[in-house]
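> need a 3D model of the following:
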Amino acid sequence: MNKSKPIRLVLVDDHEVVRIGLCAVLNLTPGMKVVGQGGRMEDAKKLCYRLKPDLLLLDIRLPDGSGVDAARKILAQCPDTRVLFLTSFADDHTVLEAILSGAQGYILKDIASNALIHAIRTVASGQTLIDPRLTKHTPEWLRNVNSEPGQSKRSLLSPQEQRLLPLVANGLTNKEIAQDLRLSEKTVKNYLANIYSKLNIGRRSQIAAFYAGSFKGSGALYPPRLTEPVKPDRVRTTPPLNSC
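Numbers count the residues shown, from 1 in each chain. Okay, here's the model as predicted:
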């Protein structure tokens, strides 16, 4: 990403007051600009397809569908857009589904505003991030996979090879992956062969474990100076604005 340009953000949350507060906080943050916002899954897809933002800040539960489904479709069409889930859901099934959708981050809504800004910058810079408070909610295999952090190994893969990881982890066949990414099955097989070789693995289940493990140790969520527990003030809202 060109550091001279602001991080272009799209916000999707079904609560208008949350969007107003987020717009106020993020548009006042140097290096960030909210370019679109909406409250439905269809809004997320339309905005991302049209605006190609650097980062989509997305809720899990939306009135017309799942944020996880939206993330899968958006990442297939907009590979340069990164997805950061901001939600109140912390159950293990939801967290795992979100990770396997291809999203690069997952944080909870009771986050302080400075920690939220840090999380956005971390994910926008190309790193993966999961709220450390969620480790107790994730399955044992996700917590213990790979003694060596996967984040460093991910750099061995090309961007196109990395796009295959969440699809394989989510159980898609080669044919389904080819359709999703608009590639031939032969190309998908070649990419998988490269992944197996670079990561020194031999089974699709190991790709799933590697992908989930790449979130482990992906970096502290909170800035070094933020040593106190997150306070319940959360992201502060402001009086209604005409627009973002």
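> show me the strands in the chain, by range?
Counting by DSSP state E, one finds strands in the chain at the ranges 7-12, 32-38, 55-58, 61-62, 65-66, 82-87, 105-108, 129-130.
> nearest to residue 199, out of those?
strand 129-130 (20.5 Å; C-beta to C-beta). From N, CA and C alone the C-beta is placed, and that goes for glycine too.
> where in this protein is pLDDT low?
Applying pLDDT under 70 to the chain flags residues 1-3, 135-154, 212-244.
> in it, which helix is the longest?
For the chain, the longest helix by residue count, based on DSSP state H, is helix 185-199.
> who's in contact with that one?
With C-beta atoms under 8 Å, 6 or more residues apart in numbering as the test, helix 185-199 has contacts from 153, 156-158, 160-161, 164-165, 168, 174-175, 177-178, 181, 183, 201-202, 206-207, 210.
> ok, of those, which come out buried?
Restricting these to buried positions leaves 153, 157, 161, 164-165, 168, 174, 177-178, 181, 183, 206-207, 210, with burial counted as 16 or more other C-beta atoms under 10 Å.
> if we can go back for a sec, what's the most buried one of the strands of the chain?
Burial of those is given as mean neighbour count (mean count of other C-beta atoms under 10 Å); strand 55-58 ranks first at a mean of 26.
> tell me what that strand is packed against?
strand 7-12, helix 41-51, helix 67-77, strand 82-87, helix 113-124 (3 or more C-beta pairs under 8 Å, 6 or more residues apart in numbering; DSSP states H and E).
> got a markdown table for these, with distance to residue 132 too?
Shown next, in a markdown table, are the helices and strands packed on strand 55-58 (distance: least, C-beta to C-beta, whole Å):
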| stretch | distance to residue 132 |
| --- | --- |
| strand 7-12 | 23 |
| helix 41-51 | 26 |
| helix 67-77 | 21 |
| strand 82-87 | 15 |
| helix 113-124 | 11 |
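> tell me which of those lies nearest to residue 106.
strand 82-87 (4.6 Å).
> any idea how far the closest one is from the chain center?
Here strand 82-87 is found 5 Å from its chain centre; the criterion is C-alpha atoms, centre = their mean, to the nearest Å.
> what do you get for stretch 68-82?
Worked out by C-alpha atoms, centre = their mean, stretch 68-82 lies 9 Å from the chain centre.
> contact partners of it?
Residues from elsewhere that reach stretch 68-82 (C-beta under 8 Å, 6+ apart): 12, 41, 44-45, 48-49, 52-56, 58, 60, 62, 83, 85, 94, 97-98, 101-105, 123-124, 126, 159, 163, 166, 170, 180-181.
> give me the buried entries from those residues.
12, 41, 44-45, 48, 53-56, 58, 60, 62, 83, 85, 94, 97-98, 101-105, 123-124, 163, 166, 170, 180-181.
> and this structure, what are its domains?
Recorded structural domains for the chain (assignment: automatic domain parsing) are 7-141, 150-213.
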